[in-house]
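**Student:** Sequence and predicted structure are below.
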Amino acid sequence: MWGKFGDHWAVIDKFPLPLDNTPTATHMRVAVFLAILSSTLERYVFLPTYILENVDELSQFLHSLAGRDQKLEAHLRSVLLRAQSETEQNIEARACAKQASDDVILSIEGLFSEQEQAKLCSDIQMFCSQASDEWQIMQTLDRLVTPISDLYTLPTLQHWKILSGFGESAPQEAGSQEQQSGSEAAARGPKRKGTGADQIASAERVVWPSLGIAGPTNEIVMFGYALSDSQLRTAKAEKAKNIHRDARSRQRGAPSTEHAGSARFGAVFRRGSGRSRRDG
């Protein structure tokens, strides 16, 4: 059913996608879309310079150099940036933003009505263009800013936030409930398992990278977002139920969950994505 969306290089075999239109299923679709969007931006846009077509090795070298000598890294990066005129940099930046948006748009092909597809494609193109404009500013900073998609690259998982699902509360900061008055705590009831520090520690799959300053201190510019292991387990269990129910439906000749989910995918996805915007 999911086609290019579920088979995209950034998410294949990483995220379970239930076929129902439950809050869990909708949450996973939004998470997969964000993972595809962020991964394509990281591949095409979030680069230290656009001077080379393939900059993977250069990016790794600059990141390593920043860990040893941040001033030398900043000087080398500024020289590379000056090797292109401002016009050339803008042309390359626009081309990279288009590559990113084209990749994302291809992944959602056939999942929406023609009108919904046109609107979403326009939004994706605008977002990628704006991200490119912001990143060009970051390229000129004295300290190297890099996207981090590995949960274990950072010194602590507190640099990550859990992407809240539908009907879920955002994780509380550790100790926040203890600071409430007695009446407030009583009204809220006991602290839910899986929130706060416990839920952050259970981060399992990156949805949106954090932005960090390369160097020995691992400073963070922006938090990253991830799914917790409990969220993934719930989605896997729901997907398994879908498969079991569809097998029984086919035996009886009844419509499968796949067809029911496909018919309403566009409306549910768009409604869900609006309710699950990231903080800040």
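**Tutor:** Looks like it came in fine.
**Student:** can we go C-alpha only for contacts and neighbour counts from here?
**Tutor:** OK.
**Student:** what residue ranges in the chain score low on pLDDT?
**Tutor:** By pLDDT under 70, the weakly predicted segments of the chain are 1, 153-158, 166-202, 218, 243-280.
**Student:** run the last query once more with 50
**Tutor:** For the chain, the stretches flagged by pLDDT under 50 are 167, 169-199, 257, 259-265, 268-280.
**Student:** ok, longest helix in it?
**Tutor:** helix 114-139 (DSSP state H).
**Student:** Okay, buried residues for it please.
**Tutor:** 117, 121, 124-125, 128-129, 132-133, 135-136, 138-139 (16 or more other CA atoms under 10 Å).
**Student:** so after it, what's the next helix or strand?
**Tutor:** strand 145-148 (DSSP states H and E).
**Student:** so where do the helices sit in the stretch 51-200 of the chain?
**Tutor:** 56-68, 70-82, 86-107, 114-139, 182-188, 196-201 (DSSP state H, counting those that start in this stretch).
**Student:** so which of those gets nearest L151?
**Tutor:** Smallest distance to L151 across the helices of the stretch 51-200 of the chain (CA to CA): 10.3 Å, for helix 196-201.
**Student:** Which phi and psi values does A226 adopt?
**Tutor:** Dihedral angles of A226 (phi, psi; degrees, to the nearest 10) stand at phi -150, psi 160.
**Student:** Distance check, the closest residue to it other than its chain neighbours against L151.
**Tutor:** Using CA to CA, 6 or more residues apart in numbering and skipping the chain neighbours, the partner closest in space to A226 is V206 (4.2 Å). From V206 across to L151, the span is 7 Å (CA to CA, to the nearest Å).
**Student:** What is the neighbour count of W208?
**Tutor:** Applying other CA atoms under 10 Å, we find 27 other residues in the vicinity of W208.
**Student:** residues contacting it?
**Tutor:** 34-35, 38-39, 149, 224-226 (CA atoms under 8 Å, 6 or more residues apart in numbering).
**Student:** For it, list each beta-bridge partner.
**Tutor:** Y225 (DSSP bridges).
**Student:** Would you mind measuring from it to D229?
**Tutor:** Relative to D229, and taking CA to CA, W208 is found at 16 Å.
**Student:** Wait, A100 touches S38, no?
**Tutor:** No: if you go by CA atoms under 8 Å, A100 and S38 don't touch, sitting 9.2 Å apart.
**Student:** which SSE is L17 in?
**Tutor:** Using DSSP H and E, L17 falls outside every helix and strand.
**Student:** likewise the one 10 residues further on?
**Tutor:** Using DSSP H and E, H27 sits within helix 23-44.
**Student:** ditto for R205
**Tutor:** Counting by DSSP H and E, R205 is found in strand 203-208.
**Student:** Can you identify the element that follows that strand toward the C-terminus?
**Tutor:** Strand 203-208 is succeeded, C-terminally, by strand 210-213 (DSSP H and E).
**Student:** Which strands border that next one, and is each parallel or antiparallel?
**Tutor:** strand 145-148 (antiparallel), strand 219-222 (antiparallel).
**Student:** and the ones you listed, which is most packed in?
**Tutor:** With neighbours taken as mean count of other CA atoms under 10 Å, the strands paired with strand 210-213 reach their highest mean count in strand 145-148, at a mean of 22.
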